[in-house]
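Q: Give the three-dimensional model of this entry:
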Amino acid sequence: MGYGVVDDGGGSCRALTYAAVETGPALAMPLRLQTLYRAVEALIAEYRPDVLAVEELFFGRNVTTAISVGQARGVVLLAAANSALPVAEYTPAQVKQSVTGYGKADKKQVEAMVCRLLGLPQAPKPDDVSDALAVSLCALAAWPLEQRMARLDRGGGGST
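A: Predicted structure coming up:
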């Protein structure tokens with residue numbers, strides 16, 4: 001599972017940390033999920049993000065993979081809920097649109113823009129890490145607007 005923590009630090013985006021949490025296939029699924037949960041908990045405790053962003057689950061042809069991804073996504077959402085951290089969810093097309101300006105961009109275009117926006121010398125590996133950074137950048141751009149819209153929906157005012 002890739003992750004990325006980004007900050008806009010006054011206008012320019014920068015990656016605070018990014019990597020992948022990897023679990024071995026020999027490890028039983030409950031222990032793999034526990035490893036992911038603990039890693040997300042530790043990231044939340046260390047970086048105290050304003051929002052946890054996740055990509056909405058896309059069901060491909062491989063049902064087994066979709067179930068495993070759904071389970072992993074569930075422990076991430078649980079870690080956010082246990083930390084009272086708001087969650088923002090974005091479709092793959094929303095992430096691509098936000099990062100590249102084109103909702104049907106390919107993986108290489110997304111990787112290139114992630115590198116450009118964050119000043120990275122090369123695309124992080126595995127691909128899940130670049131994807132996670134792209135989701136983080138999407139949230140960084142969209143979350144302030146989403147918060148203002150939520151206040152308006154609740155009947156509150158708002159200024160910018």
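Q: burial count for the closest residue to Tyr102 other than its chain neighbours?
A: Spatial nearest neighbour of Tyr102, chain neighbours left out: Lys96 (6.5 Å); criterion: C-beta to C-beta, 6 or more residues apart in numbering. C-beta here means a position set from N, CA and C on the backbone, and glycine is covered the same way. If you count neighbours by other C-beta atoms under 10 Å, Lys96 ends up with 22.
Q: Same check on Leu145?
A: 10.
Q: Show the secondary-structure elements that the helix or strand hosting it is packed against.
A: Using DSSP states H and E, Leu145 sits in helix 127-153. When contacts are defined as 3 or more C-beta pairs under 8 Å, 6 or more residues apart in numbering; DSSP states H and E, helix 127-153 sits against strand 2-7, strand 14-20, strand 52-55, strand 87-90, helix 92-100, helix 107-118.
Q: would JSON lines of those with distance to Ile44 and mean pLDDT be doable?
A: Below are the helices and strands packed on helix 127-153 laid out as JSON lines (distance: least, C-beta to C-beta, whole Å; pLDDT from 0 to 100):
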{"stretch": "strand 2-7", "distance to Ile44": "10", "mean pLDDT": "96"}
{"stretch": "strand 14-20", "distance to Ile44": "12", "mean pLDDT": "97"}
{"stretch": "strand 52-55", "distance to Ile44": "7", "mean pLDDT": "96"}
{"stretch": "strand 87-90", "distance to Ile44": "12", "mean pLDDT": "95"}
{"stretch": "helix 92-100", "distance to Ile44": "21", "mean pLDDT": "96"}
{"stretch": "helix 107-118", "distance to Ile44": "21", "mean pLDDT": "97"}
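Q: closest one to Ala150 among these?
A: Set against Ala150 and scored by C-beta to C-beta, the helices and strands packed on helix 127-153 come closest in strand 87-90, at 10.8 Å.
Q: Off-centre distance for the closest one?
A: Centre-to-centre, strand 87-90 and its host chain are 8 Å apart (C-alpha atoms, centre = their mean, to the nearest Å).
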